[in-house]
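Colleague: Everything below, folded, please.
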Amino acid sequence: MQIVPSQFRLSSGADVNGEASAAKVRLATPPNNPGNPPNLPPNQERRRALVVPREHGAWGMLLIPLATGAGAGWLNGGHVAPVLWLTATVLVLFWVRTPVGSWLGAGAVRAQTAEERRFARSVALFLAAVAAVNLIGLFWQGQNRELLWIGIMAVAAFAAQMILKKMGRTTRVAAEMAGAVALTSTAPAAYFMATGRLDEKAWALWLVNWLFAANQIHFVWLRIRGARAAGWSQKLSVGWSFLAGQVLLGAMLVLVYRFHWLPEMTLIAFAPAFFRGLVWFAKKPQPLVIRRLGWTELAHAVVFAALVISGFHYS
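Modeller: Numbering: from 1, shown residues only. Now for the predicted structure:
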C-alpha cells in the first residue's frame with residue numbers, strides 16, 4: 001500500500017493510536033436504509049473492532065517495556081513468576097478501554113445500534129470484573145503498594161493524552177508522547193514485581209523505554225510527513241524537529257550514563273534507532289508502506305529490549 005494523498009497519510013499515520021484502523025471499520029459499517037435495518041447484528045469485523053484494541057503500536061509500547069523490566073529484574077536476582085500476575089492485570093486493564101469506549105461512544109469505533117451497545121457493555125463488564133479480581137489479588141493484604149505510585153502517574157499521563165487529543169491536530173504527536181509515558185510504565189512495574197524494589201534502576205528503565213517509544217513515534221510521523229520529501233533541503237525542512245529530538249535523546253542518555261542509573265551496555269540499545277533515523281535523511285525517496293514500517297519498528301523495539309536486558313546480564 002503506497003501513501004498518495006496527504007489526507008490518507010495523516011489518517012494512516014495515526015495507526016499508532018488506532019485511528020486508521022477505526023476509520024477502516026467505519027467505512028465497513030453498513031448504511032442505515034430500508035433494505036438494511038439499523039438493528040441488524042454486527043458482523044464479525046465490527047464485533048472485533050468494538051471490543052478488541054486495534055492500536056498495534058500501543059501493544060508494542062505496553063509489552064516491550066514490560067518484558068524489558070521483567071528481564072532486567074530477573075538478571076538482578078528477581079523472580080519472573082510475580083510478573084505473570086502483573087502481566088495478566090495490565091493486559092486486561094488495557095483491553096477493557098476499548099469496549100468501554102465503544103459502549104459509551106467515546107472510542108475510535110463506536111457502538112451504533114442497541115445490539116452493538118449490549119455486546120460492548122457485556123464484554124466491558126466481564127473484563128472489568130476480571131480486572132477487579134486481578135487487582136484485589138495484586139494488592140491483597142497491602143502487598144505491592146508501591147505500584148500505586150506508578151499507577152497514579154500512568155493515569156495522569158492518560159488524562160494528559162485525552163486533553164491533548166481534544167486540542168486538535170497540532171497536538172496529536174504530543175498526545176501520543178503522553179500516552180507513551182503511561183504505556184511504558186509497565187517497565188518499572190515489572191522490575192518491581194520481579195525484584196521487590198522500586199529503586200533508581202526501575203525509574204531509569206521507565207525513562208529509557210519512554211525515550212525509545214518517543215523516538216519511534218517521532219520517526220513514524222517523520223516518515224508520514226516526509227513521504228514525498230526529496231533531497232536534503234526538503235527532508236531537513238520536514239525533519240528538523242526530529243533531529244532536535246535526536247540531540248535531546250542523546251543528552252538524556254548521557255545523563256543516564258553520568259549517574260550510572262543503568263549498565264553502560266544498555267545505552268548501545270539506542271544505536272539502531274539512531275542509525276535508522278539518520279539514514280532516512282540520506283536515502284532516496286521511497287514509497288511509504290505503513291504495514292512494513294510498523295513491522296520494522298516492532299523489530300527495532302525487540303532488538304532494543306534484547307540489548308537492554310543483555311546490558312544487565314553482562315554488567
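
Colleague: Which pLDDT does the model give the residue nearest the centre of the chain?
Modeller: Centroid check for the chain by C-alpha atoms, centre = their mean gives Ala58 as the closest residue, at 2.6 Å. With respect to pLDDT, Ala58 scores 82.

Colleague: Now it. Nearest residue, chain neighbours left out?
Modeller: In space, and not counting its chain neighbours, Ala58 is closest to Leu183: 6.0 Å by C-beta to C-beta, 6 or more residues apart in numbering. Just so you know, the C-beta spots here come from the backbone N, C-alpha and C atoms, and that holds for glycine as well.

Colleague: Now for that neighbour, how many residues are close by?
Modeller: Residues within reach of Leu183, counting by other C-beta atoms under 10 Å, total 29.

Colleague: what do you get for Glu264?
Modeller: Glu264 has 12 neighbours, counted by other C-beta under 10 Å.

Colleague: Can you tell me how far it is from Ala187?
Modeller: The spacing between Glu264 and Ala187, counted by C-beta to C-beta, to the nearest Å, is 19 Å.

Colleague: likewise Asp199?
Modeller: According to C-beta to C-beta, Asp199 and Ala187 sit 13 Å apart.

Colleague: Please report how far Tyr60 lies from Ala180.
Modeller: Wrong residue type there; residue 60 is Gly, not Tyr. 11 Å.

Colleague: Arg225 now?
Modeller: Distance, Arg225 to Ala180, using C-beta to C-beta: 19 Å.

Colleague: With neighbour numbers in mind, choose between the two.
Modeller: Neighbours per residue, other C-beta under 10 Å: of Arg225 and Ala180, the larger number sits with Ala180, 27 against 18.

Colleague: wait, the more buried one sits on Val220?
Modeller: No: applying C-beta atoms under 8 Å as the test, Ala180 and Val220 come out as separate, 11.7 Å apart.

Colleague: Let me see the contact set for Arg228.
Modeller: Pro285 (C-beta atoms under 8 Å, 6 or more residues apart in numbering).

Colleague: Work out for me the element it sits within.
Modeller: Counting by DSSP states H and E, Arg228 is held by no secondary-structure element, helix or strand.

Colleague: mind checking how far stretch 110-127 is from the chain centre?
Modeller: In terms of C-alpha atoms, centre = their mean, to the nearest Å, the centre of stretch 110-127 is found 24 Å from the chain centre.

Colleague: what do you get for stretch 154-162?
Modeller: Centre-to-centre, stretch 154-162 and its host chain are 13 Å apart (C-alpha atoms, centre = their mean).

Colleague: Tell me the buried residues in it?
Modeller: Ala154, Ala157, Phe158, Ala160, Gln161 (16 or more other C-beta atoms under 10 Å).

Colleague: show me the contacts for the closest residue to Ser237 other than its chain neighbours.
Modeller: Spatial nearest neighbour of Ser237, chain neighbours left out: Ala229 (7.5 Å); criterion: C-beta to C-beta, 6+ apart. Residues in contact with Ala229 (C-beta under 8 Å, 6+ apart) are Lys235, Ser237, Val238, Gly239, Pro285.

Colleague: Out of those residues, the closest to Ala67 would be?
Modeller: Closest to Ala67 out of the contacts of Ala229 is Gly239 (30.1 Å), distances taken as C-beta to C-beta.

Colleague: So for the nearest residue to the closest one once chain neighbours are set aside, what's the pLDDT?
Modeller: Excluding the flanking residues, the one nearest Gly239 by C-beta to C-beta, 6+ apart is Leu222, at 5.2 Å. Per-residue confidence (pLDDT) for Leu222: 89.

Colleague: so what does the helix or strand harbouring Leu222 touch, helix or strand wise?
Modeller: For Leu222, the host element (DSSP H and E) is helix 200-225. When contacts are defined as 3 or more C-beta pairs under 8 Å, 6 or more residues apart in numbering; DSSP states H and E, helix 200-225 packs onto helix 6-13, helix 56-75, helix 172-183, helix 186-195, helix 231-258, helix 271-282, helix 290-313.

Colleague: other SSEs contacting the third one?
Modeller: Helices and strands in packing contact with helix 172-183 are listed as helix 56-75, helix 147-166, helix 200-225; criterion 3+ C-beta pairs under 8 Å, 6+ apart.

Colleague: For Gly250, find the nearest of those helices.
Modeller: Nearest of the helices and strands packed on helix 172-183 to Gly250, taken as C-beta to C-beta: helix 200-225 at 10.0 Å.

Colleague: residues making contact with stretch 77-95?
Modeller: If you take C-beta under 8 Å, 6+ apart as the criterion, stretch 77-95 is touched by 52-53, 58, 62, 66, 69-70, 73-74, 127, 130-131, 134-135, 137-138, 147, 186, 189-191, 193-196.

Colleague: mind putting the helices and strands packed on helix 172-183 in TSV, distance to Thr113 included?
Modeller: Formatted as TSV, the helices and strands packed on helix 172-183 follow (distance: least, C-beta to C-beta, whole Å):
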stretch	distance to Thr113
helix 56-75	27
helix 147-166	26
helix 200-225	34
